[in-house]
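> pasting the structure only:
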């Protein structure tokens, strides 16, 4: 009778061990899948960051080019204003000379 009870205890222990082993295996598989998913998400985010950095560099280069273009246009505008003032002064001087000759 004692031997029978020990056999039953052993069988229960073995069943519990198999269930625990199965549960651990399922947990390990789930963790492995989660790790794969996390790694894929991390790679995707890293790729997106690199892409955004590239776009940022392009935008910065365009901004700098536009700034230089604005500076060149401002310089051209100042030069045209200067030339216009010189021509107006020359026109006034010519008008003054014509009045003197009249």
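Sure, I can see it. Small disclaimer: the values here were computed from a predicted structure and weren't measured.
> contacts, neighbours, all on C-alpha from now
OK.
> find me the pLDDT at the residue nearest to the spatial centre of the chain, would you?
The centre of the chain sits closest to residue 52, judged by C-alpha atoms, centre = their mean, with a distance of 2.5 Å. Residue 52 carries a pLDDT score of 98 in this model.
> mind checking how far it is from residue 60?
Distance from residue 52 to residue 60, counting by C-alpha to C-alpha, to the nearest Å: 12 Å.
> same check, this time on residue 51
For residue 51 relative to residue 60 (C-alpha to C-alpha), the value is 14 Å.
> got it, and residue 83?
When residue 83 is compared with residue 60 (using C-alpha to C-alpha), they lie 35 Å apart.
> now do residue 80
30 Å.
> got a list of contacts for stretch 82-92?
Residues from elsewhere that reach stretch 82-92 (C-alpha atoms under 8 Å, 6 or more residues apart in numbering): none.
> please identify the buried residues of it?
For stretch 82-92, the neighbour count (16 or more other C-alpha atoms under 10 Å) marks no residue as buried.
> before we move on, what about stretch 48-59?
In stretch 48-59, counting by 16+ other C-alpha under 10 Å, buried: nothing.
> so what touches it?
By C-alpha under 8 Å, 6+ apart, stretch 48-59 touches no other residue.
> where does it sit relative to the chain's centre, distance-wise?
Centre-to-centre, stretch 48-59 and its host chain are 5 Å apart (C-alpha atoms, centre = their mean, to the nearest Å).
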